[in-house]
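Q: 3D model of this:
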Amino acid sequence: MRSPQHVRTSQHSDRHTQQHSTERVGPTVPECVTVPFGTTDPASTTDPVSTNAPVSTADPVGATAPAVPSRKLSVALACADADWPYEDWPAPDDPYVGRALPVSPPYRALRESPLEGAVDVVVLRCQDPAVAFPELLRAMGTMSAPVVVVSPRRDCETVVEVFRGGAGYLVDGDYCITMLSSAVMAAAVGHAYLSPTACTALREAAARMPRGGEATERMRALLSPREREIMELLATGLGAQEIGVRLGLSEKTVRNNLSNIYAKLDARGSTEAVLKWLGAALPIRV
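A: Okay, here's the model as predicted:
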């Protein structure tokens, strides 16, 4: 864990965020499957819904890029001392994150000076999110900063509970620091970013849930025949480019359709849209 004196402060930046397609991570804000609670593929056009890409509820697959903060973000690193593997994160040229401030359990420092009111996003690194995530939320109290959880746990139950809590989820060994910064950016604009393995776990959990029946059919009826074709392919894990090839459409046309779909389904991104399409949308903490 870096000591406070190693925390980097950033210069004011007006860079705009690039989008990532499915819930996968990359140089830009990645998206896998976007859900009301919680990115796009920064380096590819794959959608986070697919099993090979990170997921973000900030739907990078077809929506216009969300408003990006006019300054670099301040992140609280909530983890035990010496438990943070990236001593040089954020890099001076990181497009989204300006500084990282270490906070040790039980995280009371989040609501004390100098952190109180100065943190945009909290990154929780822990072994067992079932224990550490609720503990962090209690310590945060009324603090409204979004959370990104980083953990080696990859089982469906853990990923679903974190997702229900409104947080992004990165599985150890399943992301890089570029994806980490993208996940932080996605969280800052209201989206939950999931790494590829976490996205797969969420989809497997959704497949086992009871379907919505008539309610799901009424929701699907809101879409045009073309939009339904796109959703069927999106739900199989294809990205915008791949969907375009299948349907003989340009990638731009697919993304425009996805933007309309997300609006009709009231979904923040591909993950949420896919879960709703499958009739397995999960309740989340607001």
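Q: Can you get me a residue count around residue 137?
A: Number of residues near residue 137 (other CB atoms under 10 Å) recorded here: 18. In short, each C-beta sits where N, CA and C put it, glycine included.
Q: check contacts around it.
A: With contact taken as CB atoms under 8 Å, 6 or more residues apart in numbering, residue 137 is in contact with 147, 165.
Q: per-residue confidence at it?
A: Looking at residue 137, its pLDDT stands at 92.
Q: going forward, begin numbering at 385 instead of 1
A: Understood, numbering begins at 385; the last thing we discussed is residue 521.
Q: Could you tell me how far it is located from residue 641?
A: Residue 521 sits 37 Å away from residue 641, going by CB to CB, to the nearest Å.
Q: Same check on residue 607?
A: 9 Å.
Q: Then residue 544?
A: For residue 544, the distance to residue 641 (CB to CB) stands at 28 Å.
Q: Over to residue 650?
A: On the measure of CB to CB, residue 650 and residue 641 end up 16 Å apart.
Q: Mind checking which of the two has more residues around it?
A: Using other CB under 10 Å as the criterion, residue 650 and residue 641 rank with residue 641 on top: 24 against 13.
Q: Now that one. Nearest residue, chain neighbours left out?
A: Spatial nearest neighbour of residue 641, excluding adjacent residues (CB to CB, 6 or more residues apart in numbering): residue 614 at 5.3 Å.
Q: Could you check which helix or strand contains that neighbour?
A: Using DSSP states H and E, residue 614 falls within helix 609-618.
Q: Can you give me the buried ones in that helix?
A: By 16 or more other CB atoms under 10 Å, the buried positions in helix 609-618 come out as 611, 613, 614, 615, 617, 618.
Q: and these, which two are the farthest apart?
A: The span of those, defined through CB to CB, is set by 611 and 617 at 11.0 Å.
Q: intersection of neighbour lists for residue 607 and residue 641?
A: With the criterion set as CB under 8 Å, 6+ apart, the contacts of residue 607 and residue 641 do not overlap.
Q: Show the low-confidence segments of this protein, by residue range.
A: 385-454, 465, 593-597, 620-621, 664-670 (pLDDT under 70).
Q: Which residue ranges of it form helices?
A: According to DSSP state H, the chain carries its helices in the segments 513-524, 540-548, 561-572, 580-592, 598-604, 609-618, 624-631, 635-649, 654-661.
Q: Pick the most buried one from those.
A: Among the helices of the chain, ranked by average contacts under mean count of other CB atoms under 10 Å, first place goes to helix 654-661 (a mean of 32).
Q: Pull the distance from it to the chain's centre.
A: Helix 654-661 has its C-alpha centroid displaced from the chain centroid by 13 Å (CA atoms, centre = their mean, to the nearest Å).
Q: likewise stretch 491-511?
A: 19 Å.
Q: Now do that stretch: everything it contacts.
A: By CB under 8 Å, 6+ apart, the surrounding residues in contact with stretch 491-511 are 453, 457-463, 467-468, 484-485, 487, 516-517, 519-520, 523-525, 527, 529-537, 551, 564, 568, 571-572.
Q: If you count neighbours, what's buried in it?
A: 491, 493, 494, 499, 503, 504, 505, 506, 507, 508, 509, 510.
Q: hey, what's the residue positioned nearest the centre of the chain bridged with?
A: Per CA atoms, centre = their mean, the C-alpha nearest to the average position across the chain is that of residue 577, at 1.1 Å. Residues in a beta bridge with residue 577, per DSSP bridges, are residue 440.
Q: Tell me how far it lies from residue 585.
A: For residue 577 relative to residue 585 (CB to CB), the value is 14 Å.
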